[in-house]
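**Q** predicted coordinates and the sequence they were generated for:
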Amino acid sequence: MIRLGIDIGGSGIKGALVDVRTGQLTTERYRIPTPVERTPDSMAEVVNQIAEHFQYKGLIGVGFPSIVKHGVCMSPGNLSPLWVGLNIEKLFESYTGQPCAVINDADAAACAIMDYGVGKGKKGFIITITVGTGLGSGAFLDGKLIPNFELGQIPYKKHKKIESWASSAARENEGLSYKEWAKRFNKFLHFVTLISPPDLIILGGGISKEWDEFSPFIKCNVPIVPAVLQNQAGIIGAAAAAYLREFPELIREGI
Ligand code: BGC
C-alpha cells in the first residue's frame, strides 16, 4: 500500500513514497524549489520530475495550495492567477502520464495529523493550522473533514488577507523575532476563536519544529499543541488521499 504523495508549497514542491497503512515515509523526501513564476506549466513540470525521480507508476496524491473542488483550482492562493478555473488533476496527468488525485494542501496535512498524528481519535471541533508561505487550515468535526476551510483569507487592516501578515513567510521576509511574530499569530488565533472556538488547535508546517522557542509567546484561549508529523504531514496526507480515491468506501467526507 505504497503511494506517491506530493506536497506543493509556495517555496518547495516535495514528494516521497508513503506506506498509507502506517503513515510512514518509505523513501527520503525529494524537494525541488517551486518555480518563481508559480505558473501551471512550470509547476506541472516539477510534479513530473518528482514522479520520475521515484519512477512511480500509479495514482499520485497531490496537496495543492489553494481551494480545490473536484480537481479544479478555485482561487489563486499565493500562486499565479493563471491557475484559477484550471483542472489541476488533468494538467498533472498530462505531464506525468499518471492519474492524479488533488486536494487542498492544508486539508491533506490535516488528514495526516488526524489519521496518524496527534489528532488521532480526537473528537469535537478541531482546527489544524499549517504555517508556511500562507496560513493553511483544516477543520474537523467529530473526525470528518470540512474541506477548504480558508482561515488565512480573513482580511486584516491594509492586508487583503491575514496570512500575508502572520505567516512564516511574513516573519522571514520582515526579519521578525519569534516574539514579534507571535503577537501577529496571536491576533490571527484570536479571530479564529471569535468565529467559532474549536476544542483544540493543532499547529503544523515547518515552524512547528521550533515550537519550544515560540510557544512561550503564544496566547490562545483554546488548547493548542504542535503536530508531531511536522512538515511531512502534507506528503503523507496527499498519499493517503490518493489511496482513498481508489477505495472510495474508505473515503473521508468531502475529499
Ligand atoms: C491558500 C490555502 C492554502 C494555504 C497554505 C493559502 O494562500 O488560500 O488554500 O491551504 O495558502 O498553502
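**A** That came through, no problem.
**Q** of all of the protein, which residue lies closest to the ligand?
**A** residue 134 (2.7 Å; C-beta to the nearest ligand atom). For glycine as for every other residue, the C-beta is placed from the backbone atoms N, C-alpha and C.
**Q** pLDDT score for that residue?
**A** In this model, residue 134 is scored at 93, pLDDT.
**Q** go on, residue 128?
**A** Residue 128 is assigned a predicted lDDT (pLDDT) of 97.
**Q** so which bits of the helix or strand encompassing it are buried?
**A** Following DSSP states H and E, one finds residue 128 within strand 125-131. Neighbour-count burial for strand 125-131, counted by 16 or more other C-beta atoms under 10 Å, picks out 126-131.
**Q** picking up where we left off before, the residue of the chain closest to the ligand: neighbour count?
**A** For residue 134, the neighbour count with other C-beta atoms under 10 Å is 28.
**Q** thinking again about what came up before, quick one: the strand holding residue 128 to chain centroid distance?
**A** 10 Å (C-alpha atoms, centre = their mean, to the nearest Å).
**Q** so what's residue 7 closest to, chain neighbours aside?
**A** residue 234 (3.2 Å; C-beta to C-beta, 6 or more residues apart in numbering).
**Q** likewise residue 28?
**A** Closest residue in space to residue 28, ignoring its immediate chain neighbours: residue 16 at 6.9 Å, by C-beta to C-beta, 6+ apart.
**Q** the helix or strand hosting that neighbour near the ligand anywhere?
**A** Element membership of residue 16, judged by DSSP H and E, is strand 12-19. No. Counting by C-beta under 6 Å from any ligand atom, the ligand has no neighbours in strand 12-19; the shortest distance is 11.5 Å.
**Q** give me the contact list for that strand.
**A** 1-7, 24-34, 43, 46-47, 50-51, 53-54, 56, 232, 234-236, 239-240 (C-beta atoms under 8 Å, 6 or more residues apart in numbering).
**Q** do the same with stretch 148-163
**A** By C-beta under 8 Å, 6+ apart, stretch 148-163 touches 67-69, 74-75, 104, 106-107, 127, 129, 134-139, 165-167, 170, 187-188, 191-192, 195.
**Q** out of the residues you listed, which are inside strands?
**A** Per DSSP state E, strands hold the following members of those: 68-69, 104, 127, 129, 135-139.
**Q** max pairwise distance over those: which two?
**A** The distance between the two most remote of these (C-beta to C-beta) is 21.5 Å, for 69 and 129.
**Q** you'd agree the residue nearest to residue 7 is up against residue 111?
**A** No. Counting by C-beta atoms under 8 Å, residue 234 does not reach residue 111; the two are 9.9 Å apart.
**Q** so residue 171 touches residue 181, yeah?
**A** Yes. Counting by C-beta under 8 Å, residue 181 is a contact partner of residue 171 at 4.1 Å.
**Q** would stretch 71-88 count as contacting the ligand?
**A** Yes. Stretch 71-88 comes into contact with the ligand (C-beta under 6 Å from any ligand atom), by way of 75, 77-78.
**Q** now do the contacts for the residue of the chain closest to the ligand.
**A** Here residue 134 is in contact with 10, 65, 77-78, 152, 163, 167, 169 (C-beta under 8 Å, 6+ apart).
**Q** give me the buried entries from those.
**A** 10, 65, 77-78, 152, 163, 167, 169.
**Q** residue 165 contacts residue 184, correct?
**A** Yes. Applying C-beta under 8 Å as the test, residue 165 and residue 184 come out as touching, 5.8 Å apart.
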